[in-house]
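>>> just to be clear, the model below is a prediction. Sequence and coordinates:
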Number of protein chains: 2
Amino acid sequence: MFYKDTYISRRARLVSLLSGEKGLAIFLGNADSPQNYPDNCYRFRQDSTFLYFWGIDEPLFAATIDLESGKETIYGDDVDIDDIIWMGPQPSVASRAETVGVHSTAPYNAFFETVRSARKAGRPVHFLPASRHYNAGCLADLLGLSPRQVVSDGKKGCANASAALVKAVISMRLIKEDCEIEEIDKACDITYEMHTAARRGCRAGVPEQELVGRMEGVTLSKGWGTSFSTILSQHGETLHNPWHNAVLEDGKLLLVDAGAENNMHYAGDFTRTFPVSGKFTSKQKDIYNIVLSCNELAFEMAGPGKTYTGISRAVALNMLEGLKGLGLVEGNTGDMLEADVAGLFMPHGLGHNMGLDVHDMEDFGENLEGYDPGQARSPLLGLGSLRMARELRPGHVFTDEPGIYFIPALIEHYRKNGIGKDFIRFDRLESYKDFGGIRIEDDVLVMEYGARRLGRYRLPATVEEVEEDMKQNK
Amino acid sequence: MFYKDTYISRRARLVSLLSGEKGLAIFLGNADSPQNYPDNCYRFRQDSTFLYFWGIDEPLFAATIDLESGKETIYGDDVDIDDIIWMGPQPSVASRAETVGVHSTAPYNAFFETVRSARKAGRPVHFLPASRHYNAGCLADLLGLSPRQVVSDGKKGCANASAALVKAVISMRLIKEDCEIEEIDKACDITYEMHTAARRGCRAGVPEQELVGRMEGVTLSKGWGTSFSTILSQHGETLHNPWHNAVLEDGKLLLVDAGAENNMHYAGDFTRTFPVSGKFTSKQKDIYNIVLSCNELAFEMAGPGKTYTGISRAVALNMLEGLKGLGLVEGNTGDMLEADVAGLFMPHGLGHNMGLDVHDMEDFGENLEGYDPGQARSPLLGLGSLRMARELRPGHVFTDEPGIYFIPALIEHYRKNGIGKDFIRFDRLESYKDFGGIRIEDDVLVMEYGARRLGRYRLPATVEEVEEDMKQNK
């Protein structure tokens, strides 16, 4: 937990951003989430915004701020003898509240009564979109809406949520405080160790699942767990491959996209792609070096005042230039971009915000957290998938993760529909249909001048660094 | 996945158990469960009963059996090009259905339409209690009930669910098939390795969290993950301690209660308690040996025709006899039992059913899965907590997990309320208030004659075995 003053000043800032608003701002923490049956739950994860303002990392808490009187209240239940037998003695709700500078507490159910009374009295109730089924059910019931009406429609956000509250929270969580950056660095350090464990275990004949266990064992030993489901696959062309049921084979590339969540719940998120055998083929090296140059270009360009849309565009042009050098595309790269050629090779965006969530605040709606007001999404497949497009400011934390993929179904889709037909050498792509995909990802913090990569060490990145590192496996 | 015939014959058996019932039996599989925001989810876990009858281990599937026509249908959506980019090519719903012997498929949403039409036509809709918030929300909406009305009240079950369907499913899942026992043995073998990893890493100065990561790394490497949240604590007196934030200290006992879920989603669940230093003190040894004798007595008594209530009673008497030998209680042990003295030292039951869930089928209601019709719960604190009370039959799988705990708050509760005051030597308990607790747990299968412990090897159990094993840490 951060110092008490951190939470007090965050809430004071929030209230000042909401000055002029009436009524109640409400914050519903998470409940435990059942794995099999109601009493057998996944590892508890608190709602990120609840953690940010109220710090309490336990299930079944809620909080309100009365925007007129300024009164802050935390709601939760003290334990009884039966709880003590099963869960041990616990601090009281009042003492937990005190550690984050809140002096008024009430039982958990009083949260629901408070919100109902406010609604009855015609007072505005400001809520954030729900990120889980339990919260959606509770909020829907409280507000007379359906569960679907209180969650974000992926990109646009939630029309019924409080626009003022959403905007204020995003503006605060977007710019990381020093104490947060320290935690993200720690999460990146654990992430570094996870990736190192995977590389050290990598050799032909080893099941992918074994490496996943090694990596996740590292982050469970040192932090909360994984910040997202580990991607570890010899099918790097599948962007979010959640399966790990193959066995490692010489000649293949292994893509590992994984991150730790540390004990304070901040995320790390790195990707590396390396040859199972320890040596790249020259064909693999050619594609790898284009991806690496894209990753480094984005990092070099990053700094205050640049937009991530602009950087993404430059990266796409750089990638097309590289592919042109290999003879896979031909023509003017600017024209190719407009014809959606880059999207064939990199159908995802260059990066996303990162913080308490690995896609930070995505539950508020991607357009709201990732785009400045008035910024429109590109209609193109690659650039239009960009989750983070904003003008960069000091304190922004995001990922830099270009990739090049050869997705047989997408190549067929382009060919069939004649997309990019003036530029793409489909004949030459034939021999790449079993290539897979390469992605290289670092986490970046925008500084007063320029930017820095997060975490104490950078994972091996160049062909030479990777091959040198993999010699240790012999 | 098991052979196709396994699923076909399970469903045929279910239909025959439901002969005479009209209408539709419905099975709603699980959705992904959000960790932070809707697209960042915990590792997917299918609903156990859905796995049992329909085998498909992916989110957003459902199934129905028309009890009059016998028609079986699986509902799910085929992937589109966008899904392929992100998740890779997938088998069609029809081919997935074929692998479990189902020939009729429909889109996911048709499940909801089918149930609605059946209700409109006045046909009975047989459903099982929901075990997750998403499923509760869907079922409530479909059936015109509130989410609370479609989940079990912990012990009694769910009054609105189909009593006939619940009873039939319990009767089937309770008696494990040979193919299931093979999987439970595998889960126990991984569980054995988890515990071994914890013991090998155990020495003063090591953070508890580090051992948890080691253990969970093992099960993630070889299986699906943990069958429940790992308990690893030097406060063994807290029965379900989910915290791991202390550092190991010489002189303390470490209680480890943890289990693997294997790739077929069967559970293992072992507990051992051992000294951090590798050597028991004589005070620890005295209590340990009583617990071990209870564990072994239960195992020796287990066999067809015995009830687990009877075994639990014998174990409680044995424990009281041992505590009497140490001078902590005095008087007639039978009288002590009636005065709830055993509950002070062991406030939980001796064991629970185990299978696809670590507390198997607890989502149906503990009284329904754990008690034979007509069997009543004991009003006592210890025996009344028994989750599994049934008469044992070949194929039953359950845990054997006696414990002795010194819970300061519970000792105070007994003293204040005069419970067991004629038997308990509260004065002598004073010096045990920092003792902690000991539990020893194995998993047991009832055979045609007697019973066997599950898993290839038994974890070190006697004082000598544990101390000998811990010498490897030097």
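Thanks, I have the structure now.
>>> and A:Arg199, what helix or strand is that in?
helix A:178-200 (DSSP states H and E).
>>> run the chain-centre distance for that helix.
How far helix A:178-200 lies from its chain's middle: 15 Å, per CA atoms, centre = their mean, to the nearest Å.
>>> do the same with stretch A:39-46
On CA atoms, centre = their mean, the centre of stretch A:39-46 falls 20 Å from that of its chain.
>>> near chain B at all, that stretch?
Yes - contact of stretch A:39-46 with chain B (CB under 8 Å from any CB of the partner chain) involves A:39-45. No exception for glycine: its C-beta is placed from N, CA and C like everyone else's.
>>> the helix or strand of chain A with the lowest mean pLDDT vs chain B: in contact?
Least confident helix or strand, chain A: helix A:81-87 with a mean of 86, by mean pLDDT, DSSP states H and E. Yes - between helix A:81-87 and chain B, judged by CB under 8 Å from any CB, the touching residues are A:81, A:84-87.
>>> mind listing what's buried along that helix?
Residues of helix A:81-87 classed as buried: A:84-85 (neighbour count, 16 or more other CB atoms under 10 Å in any protein chain shown).
>>> show me what it is packed against.
With contacts taken as 3 or more CB pairs under 8 Å, 6 or more residues apart in numbering or on different chains; DSSP states H and E, helix A:81-87 sits against helix B:408-417.
>>> and the contacts of the helix it packs on?
For helix B:408-417, the surrounding residues in contact (CB atoms under 8 Å, 6 or more residues apart in numbering or on different chains) are A:81, A:84-85, A:89, B:237, B:344, B:347, B:419-421, B:424, B:426, B:429, B:433.
>>> over to stretch A:359-372?
A:48-49, A:128-131, A:151-158, A:161, A:166-167, A:169-170, A:173-174, A:267, A:352-355, A:357, A:377, A:386-391, A:397, B:36-40.
>>> what subset of those is buried?
The buried subset of these - by 16+ other CB under 10 Å - is A:48-49, A:128-131, A:151-152, A:157-158, A:161, A:166, A:169-170, A:173-174, A:267, A:352-355, A:357, A:377, A:386-390, A:397, B:36-40.
>>> hang on, the earlier thing: check whether the helix or strand just after the least confident helix or strand of chain A comes near chain B.
With elements assigned by DSSP H and E, the helix or strand that comes after helix A:81-87 is helix A:93-99. No - using CB under 8 Å from any CB, we find that helix A:93-99 stays clear of chain B, coming within 14.6 Å at best.
>>> tell me the helix or strand right after the helix holding A:Arg199.
Defined by DSSP H and E, the subsequent element after helix A:178-200 is helix A:208-222.
>>> residues contacting that next one, please?
Helix A:208-222 is contacted from outside by A:190-191, A:193-195, A:197-198, A:201-202, A:225-226, A:230, A:232-234, A:244-248, A:254, A:256, A:258, A:260-262, B:209-214, B:216-222, using CB under 8 Å, 6+ apart.
>>> where does chain A have low pLDDT?
Chain A contains no residues with pLDDT under 70.
>>> which parts of the stretch 351-474 of chain A sit against chain B?
A:356-359, A:361-363, A:407, A:409-410, A:413.
>>> nearest residue to the residue sitting furthest away from the middle of chain A other than its sequence neighbours?
Ranked by distance from the centre of chain A (CA atoms, centre = their mean), the top residue is A:Ile81, with 39.9 Å. Leaving aside its sequence neighbours, A:Ile81 sits nearest to B:His413 (CB to CB, 6 or more residues apart in numbering or on different chains; 5.5 Å).
>>> quick check: that neighbour vs B:Pro347, distance?
10 Å (CB to CB, to the nearest Å).
>>> neighbour-wise, which of these two wins?
Neighbours per residue (other CB atoms under 10 Å in any protein chain shown) separate B:His413 from B:Pro347, with B:Pro347 holding more: 22 against 16.
>>> so the closest residue to chain B within the stretch 301-450 of chain A versus A:Asp47, what's the distance?
Closest contact between the stretch 301-450 of chain A and chain B, by CB to the nearest CB, is at A:Asp363 (3.6 Å). Distance, A:Asp363 to A:Asp47, using CB to CB: 9 Å.
>>> please identify which of the two sits among more neighbours.
Neighbour tally, A:Asp363 and A:Asp47, criterion other CB under 10 Å: the higher count belongs to A:Asp363, 31 against 25.
>>> run a quick neighbour tally on the residue of chain A found nearest chain B.
Closest contact between chain A and chain B, by CB to the nearest CB, is at A:Gly217 (1.9 Å). Around A:Gly217 there are 24 other residues, counting by other CB under 10 Å.
>>> now it. Nearest residue, chain neighbours left out?
B:Gly217 is the one closest to A:Gly217 (CB to CB, 6+ apart), at 1.9 Å.
>>> my guess is A:Gly70 meets A:Leu18, correct?
No - assessed by CB atoms under 8 Å, A:Gly70 is found out of contact with A:Leu18, at 10.8 Å.
>>> looking at those two, which is more packed in?
Shown here are A:Gly70 and A:Leu18; by other CB under 10 Å, A:Leu18 has more neighbours (20 against 10).
>>> surely that one and A:Val166 touch.
No - using CB under 8 Å, A:Leu18 makes no contact with A:Val166, being 11.0 Å away.
>>> hmm, back to that, which among the contacts of helix B:408-417 count as buried?
A:84-85, B:237, B:344, B:347, B:419-420, B:424, B:429.
>>> show me what from the stretch 101-250 of chain A comes close to chain B.
So far as CB under 8 Å from any CB goes, the stretch 101-250 of chain A lies against chain B at A:131-134, A:136-137, A:147, A:151-152, A:154, A:209-214, A:216-222, A:228-229, A:235, A:237-243.
>>> which residues of the stretch 51-200 of chain A fall in helices?
A:81-87, A:93-99, A:108-120, A:133-143, A:163-174, A:178-200 (DSSP state H, counting those that start in this stretch).
>>> how about the ones you listed in a markdown table, adding distance to B:Val315?
Below are the helices of the stretch 51-200 of chain A laid out as a markdown table (distance: least, CB to CB, whole Å):
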| stretch | distance to B:Val315 |
| --- | --- |
| helix A:81-87 | 19 |
| helix A:93-99 | 38 |
| helix A:108-120 | 37 |
| helix A:133-143 | 38 |
| helix A:163-174 | 54 |
| helix A:178-200 | 43 |
